[in-house]
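J.: this is the structure alone, sequence omitted:
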Ligand SMILES: [Zn+2]
């Protein structure tokens, strides 16, 4: 291949031109690959997992913390999705966390109502 900076013929797999030191197309490609790998948005995954755990364990009163944290993490994920990506995952996490919260509320309101009406 030919260096875009100085026009010298260089080795096809070289990342940097040995003549002028300019990064070649290979170096640019590698950088792009790294960027693509970094797309995973950790906050979105955390939000999604916490929301799902919240739904699974809604029978435990203390577990309202999970969907609550899920909502917080998903909100952060949504905020950071411009840089990190994973916007759809963040929205999904937010929806699941809110469902978890609603399910928890429904379960415990039912329990409370049952307790009051039975008593
Ligand atoms: Zn060069």
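T.: All right, it came through fine. Only a predicted model underlies this, so the values are computations on that prediction, with no experimental measurement involved.

J.: does stretch 17-29 come close to the ion?
T.: Yes - using CB under 5 Å from the ion, stretch 17-29 reaches the ion at 17, 19, 20, 22. For every residue, glycine as well, the C-beta is placed using N, CA and C.

J.: show me which of those residues are buried.
T.: Among these, those buried by neighbour count (16 or more other CB atoms under 10 Å) are residue 17.

J.: farthest pair in the residues of stretch 17-29 next to the ion?
T.: Greatest spacing in those, by CB to CB: 19 and 22 (8.6 Å).

J.: joint contacts of these two?
T.: The contact sets of residue 19 and residue 22 overlap at 3, 6 (CB atoms under 8 Å, 6 or more residues apart in numbering).

J.: any idea how far residue 56 is from residue 95?
T.: Separation of residue 56 from residue 95 (CB to CB, to the nearest Å) stands at 16 Å.

J.: quick check: residues of the chain near the ion?
T.: The chain comes close to the ion at residues 3, 5, 6, 17, 19, 20, 22, as judged by CB under 5 Å from the ion.

J.: for the closest residue to the third one other than its chain neighbours, which three-state class applies?
T.: Of all residues beyond its chain neighbours, the one nearest residue 6 is residue 20 (4.1 Å), with distances taken as CB to CB, 6 or more residues apart in numbering. Reducing the assignment to helix, strand or coil with DSSP: H, G, I helix; E, B strand; the rest coil, the entry for residue 20 is coil.
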